[in-house]
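Trainee: Based on what follows, work out the 3D shape:
(one chain, ligands or ions: 3)
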Amino acid sequence: MERAVSDTKRVLVTLTGVVQGVGFRPFIFRIACGLGLRGWVENQGSRVLVDVEGSEESVDAFVATLREQPPENAHIADLQLHPQPPVGYADFSIKRSTAEENTAAFIPPDIAVCRDCLKEFHTPGHRRFQYPFISCAQCGPRYSIMGSLPYDRENTAMSQFFMCPQCAAEYHNPNDRRFHAQTNCCPACGPVLQLLDAKGNPVETSDPMNRARELISKGEILAVKGIGGYHLCCNAEDPAAVKTLRGRKGRAHKPLAIMARNLEGVLKVCQVSEREAGILSGSRKPILLLPKREPEILPEEIAPHQRRLGVMLPYAPLQLLLFPEGIEFLVMTSGNFSGTPICYNDDAVVQSLGGVAAYVLTHNREIRIPVDDAVVKVMDDQEMLVRCGRGYAPLTLPLESHQHLLAVGGQQKSSVCMVKSGFATMSQYIGELDEYQAYLAFERQIEGFAGLFQSRPSLLAHDLNPDYLSTRYAKEKAGESMVVQHHHGHMAGCMAENKLNGPVIGVIFDGTGLGTDGAVWGGEFLTGTLSQFTRAGHLQYVTLQGGDGVVREPWRCAASYLYAIQADAPAWLPQVPLKSLDTVHAAIRDQVHCFQSSSMGRLFDCVAALCGFQTAITYEAQAAIELEGLADPEVLGWYSYRIRDAEEGLILEYENLLRGILRDLQNQVPVSTISAKFHQTIVEATADCVSAIHDKTGLKDVVLSGGVFENVYLLRGLIFKLKERNFRVYYNRLIPTNDSGLSFGQAAAAGAMGKEAAYVSGDTG
Ligand code: ZN
Ligand code: ZN
Ligand code: FE
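Mentor: Ligands and ions are numbered 1, 2, ... in the order given. All right, here's what the predicted structure looks like:
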């Protein structure tokens, strides 16, 4: 007996990270039992605690397996071992979860249907053959059905489904794949499908799925309930259906995402690298932006004037059943009207989508948190998140912070970010806050986080712009609030993602953000750290005329720039109506609706208009995206430019550049050449500014952030150029570079500032 005890080793293991909702406890149970260990495992708040005892060899083997072979979708952020005196446990058990406060919360994202479930799904005679809600401990909805932590059935939308004896047996059998699978269910006990017409009346049918397929193949538009919300769905191979959908949804040009039946289908319409194929068929299944393959076999209406297509594969088992015989591609776009948040509420679906969809395919498993599909792309074999959504949300990264806080993001592409116990958790993309529905979703998201984290920080970080609804919210609700200037927020986010403390040079190019001098910034060269910054230079100011209209109508931008350089109204520029041009110029002379701007986004708009972009844009950054699409990659060379070393910092001037473009236009140089030369000019001039700042400061680390860097042509060119000059270059990959990642940046900046040390005035240039 004595000998046995001295041989016995006992350790308490604390695991933090994504360790709930990914089959972790059953995994631990199986290994522990397999090794003959005794003790228990417990979900505690967002941690998992394991107490094991047994022979030294077995305990070591247990810990090694945890470290080296965790379950596929688990992500262990921290593993700690605490040796304990043996107590003589009789067996190994799974304890009931307990709530624990003051730990960071790791909320499991939704996971696409797994390989094992797929196999059963396709096996005739299996009791879950073609069951639209098949899942296991390794897959299924998580975040979108959660109300609170820990991730247990009673805290999810599954609580209303009582498991039948067969399902319950699986749930309680440690050797079953569905052991403690909170979403476990089957045709006998789980959610059921229902087909409704546009008025919300049930459609008489014994097989709603089959009826839905028939309707799709007839060219109808359906609202289909997915994991994080409703999609609007139609046959992507039918130009008339696509056109109708666009018309009804009020989405004129913005690309529509498509869902392909399988990977082979994607290969027919896009060029796909090995990395990209892995992302498409992985466990997150985002919308992946892929280069289109020529000749296009899908209708041009899906992504007009785009070189890329947003494609995903089915991730909810229900979607596998949606493809009618002979149809390989479906349009699967968020169920909403332009700018409003995705519809997820069953009571609201008929009212909100009844005007677009002729039918609604729905079910009775409630969505608790709306989550749009994530959007990603691959650059230089690296995955880059463009929009945080299903499968990625909520996104948790380590973040050193002096305080527990919530960052409320910007105005466009809203998201929020909670900072607690050494980690930052960023929400999914919420929408444009000037839409009232999106603002309500923003408030609900904050409440949702407060519930999941079981805490409500009194400190809120927000943008400098007092007109942002997020800023107003923070000022009204916060016990204490902290201002983070927009571009400093972008810089801090990129630094934190790349684990930099600074000082660094920040090149921050975006559309709009209020500067400390009251002007609209967006072509910024900053230096600084997480907690403070200096404006080292910027794109030369231009007086823009026309308030919001100047963003919607790129030619207004061009008109303002032409006025600034005193260029003649170019009669050979039909896209800029002469009469309107005169009106804009008169308004600038009289200072009506004018503001100062150093926005790089607006310079891109101006050049896009000069290159022929007509009328108004119908989605954000449309003109700039089309300008990028025009650029001929074979063309080298650039326009002349001038950088002035002024008292207030470096000024990147635009006059020479614009005159060069006007000259090329007059000489009928192709716009594909002009676009390429323009991009090259920005690369060269930016690199020169960075070098000049380096000469003054000695700084070698450069971070690139802001929405303009969604432009891969520009980003790749600038990275290359800066590396050539021996700079260390960092950019966003895990966090979106656009404003949907801004809340993370605000969190990083505010977390580093500390209570007393908000910006020192005079230090903000
Ligand atoms: Zn599964
Ligand atoms: Zn069942
Ligand atoms: Fe921005």
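Trainee: Would you mind naming what in this structure lies close to ligand 1?
Mentor: 114, 117, 136, 138, 139 (C-beta under 5 Å from the ion). Yep, even glycine has a C-beta here, placed from its N, CA and C like the rest.
Trainee: Take those and lay them out in CSV including distance to residue 716.
Mentor: Shown next, in CSV, are the residues of the chain next to ligand 1 (distance: C-beta to C-beta, whole Å):
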residue, distance to residue 716
114, 35
117, 39
136, 41
138, 36
139, 35
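Trainee: Now do the contacts for the closest residue to residue 189 other than its chain neighbours.
Mentor: Nearest non-adjacent residue to residue 189, counting by C-beta to C-beta, 6 or more residues apart in numbering: residue 164, 3.9 Å away. Contacts for residue 164 (C-beta atoms under 8 Å, 6 or more residues apart in numbering) come out as 186, 188, 189.
Trainee: Would you check how far apart the last one and ligand 1 are?
Mentor: So the one you mean is residue 189. Between residue 189 and ligand 1 the computed distance is 17 Å (C-beta to the ion, to the nearest Å).
Trainee: The first one too?
Mentor: Separation of residue 186 from ligand 1 (C-beta to the ion) stands at 13 Å.
Trainee: next one: the second one
Mentor: Relative to ligand 1, residue 188 is positioned 18 Å away (C-beta to the ion).
Trainee: Rebuild the residues of the chain next to ligand 1 as JSON lines, extending it with secondary structure, neighbour count and pLDDT.
Mentor: Output for the residues of the chain next to ligand 1, formatted as JSON lines (DSSP: H, G, I helix; E, B strand; the rest coil; neighbours: other C-beta atoms under 10 Å; pLDDT from 0 to 100):
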{"residue": "114", "secondary structure": "coil", "neighbour count": "20", "pLDDT": "95"}
{"residue": "117", "secondary structure": "helix", "neighbour count": "21", "pLDDT": "97"}
{"residue": "136", "secondary structure": "strand", "neighbour count": "23", "pLDDT": "95"}
{"residue": "138", "secondary structure": "coil", "neighbour count": "24", "pLDDT": "89"}
{"residue": "139", "secondary structure": "strand", "neighbour count": "27", "pLDDT": "94"}
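Trainee: How about the residues of this structure by ligand 3?
Mentor: 510, 739.
Trainee: And the chain, split by domain according to the record?
Mentor: What automatic domain parsing lists as the domains of the chain is 9-94, 193-376, 394-484+740-761, 537-734.
Trainee: Rounded mean pLDDT for the third one, please.
Mentor: On average, the pLDDT along domain 394-484+740-761 is 91.
Trainee: and that domain, how far out from the chain's middle?
Mentor: Its chain's C-alpha centre and that of domain 394-484+740-761 lie 16 Å apart, by C-alpha atoms, centre = their mean, to the nearest Å.
Trainee: same deal with the last one?
Mentor: Relative to its parent chain, domain 537-734 has a centroid offset of 26 Å by C-alpha atoms, centre = their mean.
Trainee: and what of the shortest one?
Mentor: With C-alpha atoms, centre = their mean as the basis, domain 9-94 stands 33 Å off its chain's centre.
Trainee: Over to it now: how far is its first residue from its last?
Mentor: With C-alpha to C-alpha, to the nearest Å applied, domain 9-94 spans 20 Å between its terminal residues.
Trainee: What is the nearest of the residues of the chain next to ligand 1 to ligand 3?
Mentor: Proximity of the residues of the chain next to ligand 1 to ligand 3 (C-beta to the ion) peaks at residue 139, which lies at 35.3 Å.
Trainee: so what's that closest one closest to, chain neighbours aside?
Mentor: Per C-beta to C-beta, 6+ apart, closest to residue 139 is residue 114, 3.8 Å.
Trainee: can you check residue 520 too?
Mentor: Nearest to residue 520 is residue 597, by C-beta to C-beta, 6+ apart, at 4.4 Å.
Trainee: Give me the neighbour count for the one you found.
Mentor: Other residues lying near residue 597 total 26 when counted by other C-beta atoms under 10 Å.
Trainee: Bridged to it, which residues?
Mentor: Beta-bridge pairing of residue 597 under DSSP bridges involves residue 520, residue 542.
Trainee: Any idea how far apart the tips of stretch 185-193 sit?
Mentor: Using C-alpha to C-alpha, the two ends of stretch 185-193 sit 14 Å apart.
Trainee: got the contact list for it?
Mentor: Contacting residues not belonging to stretch 185-193 are listed as 127-128, 131-133, 135, 158, 161-164, 166-167, 208-209, 318, 361-365 [C-beta under 8 Å, 6+ apart].
Trainee: let's go with 6 Å and repeat that
Mentor: 128, 131, 133, 161, 163, 164, 167, 208, 363, 364, 365 (C-beta atoms under 6 Å, 6 or more residues apart in numbering).
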